[in-house]
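> Quick one: sequence and predicted model below, then my questions.
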Amino acid sequence: MKANDLRTKSATEIKQELIELLRAQFSLRMQVATQQTNKTSELGKLRKNIARVHTVLRENELKAVNK
């Protein structure tokens, strides 16, 4: 996921994407904890994507305040 792709979406779409990423992160954490998967590198990728979404949301908030 690219930050530029997120910037073209509306706030509700971005929030929906965040919810999906958080659910995927939880699911993957549970799979790793119960040793059902070996994809531990996916956790880092998900964390970075979640951070990107938070960053774009914050940028949108700041744009709205500065207008």
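Nice, thanks for sending it over. Numbers count the residues shown, from 1 in each chain.

> Going by C-alpha atoms from here, please, whenever you check contacts or count neighbours.
OK.

> Which stretches in the chain count as helices?
3-7, 11-33, 41-66 (DSSP state H).

> can you list those in JSON lines and add mean pLDDT and mean neighbour count?
Output for the helices of the chain, formatted as JSON lines (pLDDT from 0 to 100; neighbours: other Cα atoms under 10 Å):
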{"stretch": "helix 3-7", "mean pLDDT": "89", "mean neighbour count": "13"}
{"stretch": "helix 11-33", "mean pLDDT": "95", "mean neighbour count": "15"}
{"stretch": "helix 41-66", "mean pLDDT": "94", "mean neighbour count": "14"}
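
> could you list every residue that touches the residue nearest to the spatial centre of the chain?
In the chain, the residue lying closest to the centroid (Cα atoms, centre = their mean) is Ile50, at 2.5 Å. Each residue near Ile50 by Cα atoms under 8 Å, 6 or more residues apart in numbering is listed here: 18, 21-22.

> any idea how far it is from Ser27?
Per Cα to Cα, to the nearest Å, Ile50 is found 14 Å from Ser27.
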